[in-house]
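**Q** Here is my input, please return the structure:
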Amino acid sequence: VILSGISYDDIIIRLEVGQVVEALYPSKITLQCTGIKFNLSGNSVACSYGSNTITGWCNIPGAICIWNLYNNKSFDINKPDYILDHSISLMCLSYHPIRPSIISSGSFNGELIVWDLTNTEQSPYAISPMTEYSHKEPISDINWIYDNNINDYLLISIGSDGKILLWRLDNKLLYPIKGFLLSQGKISRRQYPLAHGGRCMSISIGLSESTNSNSRSKWIVIGQDGGAIVRIQASRLLEGSLLTKDSFKSLPNIEDIYQPIKRSSDIFTHESHVGSVNSLHCSPFNRNLFLSGGSDGSIKLFHMLEKSPLYTWEPAPPLGTTGATSTFAPVTCVQFSPIKPTVFACSSSDGFIYIYDLSQSLIGPVVTLESIYPNESNDIKTNKNSNRIKRVGITSISFNHKHRDVISGCDLLGFIHVWKLNFSLY
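**A** Numbers count the residues shown, from 1 in each chain. Model prediction:
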């Protein structure tokens, strides 16, 4: 029984035998989808849940739900195969590259959580502590990168606090083994505190990743809240000695233990977005190409060695689309196809997914998908100009790298959408 406004201590001390109290049902909270990924086999889709509208300390729970889409006997849209819940909203997720049972996520309060799906209790395998040297603000994005020096994959995280941290599973995430700062020092961080927050990242794996070799140059690109795009070589993050538990005993200053990710001599910069960079994705076929999508409603295709984009698009719904506005909506996610080098997709905050095929057109998308809901739903706010058509913003998308004809997306109402693609797109 949940009693409104009464703590556990109150129940023991103040209630008397025979006293009548009003028991209330726990309130239901509608969570938003914050990220979506397919696992290594491509059979299961995982979605992280939380809220993107929190402005203070987070008291909204989060979870990761996993469905096996290709198990016809047990598949139920209302019953995930796994529910990995957490007391704080989850902002992103990532599967381990070679261990399909390992999944990680970052929370709004700065915690990094790793689950092992082989654990029948579904409790976290490891949770990072909240200290001065870990993330103290929402973790915006996480990824895995192979380190030849230790012959293992590292977990890399970026947060709104401007920290870039590398973690090992061996130490149960007790402390980061490396750390960097997106700002150029205290003065830069004080003058522009919001501009240096990390928003998204992507890793260019190069041509030799299949052999776990780091001999070829690989890049890491990071998008910031202020619109800047930072490009660095992955080898620079991985070189040098690792931090140990003793490194933090003397409580050193952040600037002494974590160095700026860009040296003062690094003057190369890519063209910025007007507003935050919401998504980045490196091409799996060309290590020098990457896409960026921003709050200014534009998609940019960059070469790693060139400042200006090769192409820029501003996707918009086709003319005559019911209920669509003529203004550009923020781009929430961009992703290259893992099957066809000329195909990529992006999602927008007004409920559309645009699929481009550069072999067919360099001007605009060749396919437009929509997240449409029936007007009778009470969970969706009506739009007077929608003509019985309602769309909800898509927050993230994911191509299926095994089942070539599948793409999925998730939205602000917590729904997952799965589409089957035309043969020409794969």
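**Q** Can you tell me how far the residue nearest to the spatial centre of the chain is from residue 44?
**A** Using Cα atoms, centre = their mean, the residue of the chain that lies closest to the mean C-alpha position is residue 92, 3.8 Å off. Taking Cβ to Cβ, to the nearest Å as the measure, residue 92 and residue 44 are separated by 18 Å. For every residue, glycine as well, the C-beta is placed using N, CA and C.
**Q** Output the below-cut-off pLDDT ranges for the protein.
**A** In the prediction, the chain carries residues with pLDDT under 70 at positions 1-27, 184-195, 206-217, 264-265, 323-326, 374-389.
**Q** ranges for the helices of it?
**A** Shown for the chain, the helices assigned by DSSP state H span residues 8-14, 186-191, 234-238, 254-257.
**Q** show me the contacts for the residue nearest to residue 179 when sequence neighbours are not counted.
**A** The shortest distance from residue 179 to any residue other than its chain neighbours is 3.8 Å, reached at residue 258 (Cβ to Cβ, 6 or more residues apart in numbering). Listed by Cβ atoms under 8 Å, 6 or more residues apart in numbering, the contact partners of residue 258 are 133, 163, 179, 180, 181.
**Q** what's the burial count for residue 41?
**A** Neighbouring residues of residue 41 were enumerated by other Cβ atoms under 10 Å; the total is 12.
**Q** next one: residue 127
**A** By other Cβ under 10 Å, 17 other residues sit near residue 127.
**Q** just checking, it touches residue 112?
**A** Yes - counting by Cβ atoms under 8 Å, a contact exists between residue 127 and residue 112, whose distance comes to 7.2 Å.
**Q** Quickly list what's touching both of those two.
**A** The overlap between the contact sets of residue 127 and residue 112 (Cβ under 8 Å, 6+ apart) consists of residue 173.
**Q** Would you mind listing the residues in contact with residue 88?
**A** By Cβ under 8 Å, 6+ apart, the contact set of residue 88 is 50, 58, 60, 61, 62, 107, 108, 109, 111.
**Q** Run through the bridge partners of the nearest residue to it once chain neighbours are set aside.
**A** For residue 88, ignoring the flanking residues on the chain, the nearest one in space by Cβ to Cβ, 6+ apart is residue 107 at 4.3 Å. With beta bridges defined as DSSP bridges, residue 107 has these partners: residue 90.
**Q** As a check, name the ranges of all strands in the stretch 201-350 of the chain.
**A** Using DSSP state E, counting those that start in this stretch, the strands of the stretch 201-350 of the chain run over residues 219-224, 229-233, 259-260, 277-282, 289-294, 299-303, 311-313, 331-336, 343-348.
**Q** An error on my part: the question was meant for the stretch 51-200 of the chain.
**A** Listed in chain order, the strands of the stretch 51-200 of the chain (DSSP E, counting those that start in this stretch) span residues 62-68, 82-86, 90-95, 102-107, 112-116, 124-127, 139-147, 152-159, 163-167, 178-181, 198-204.
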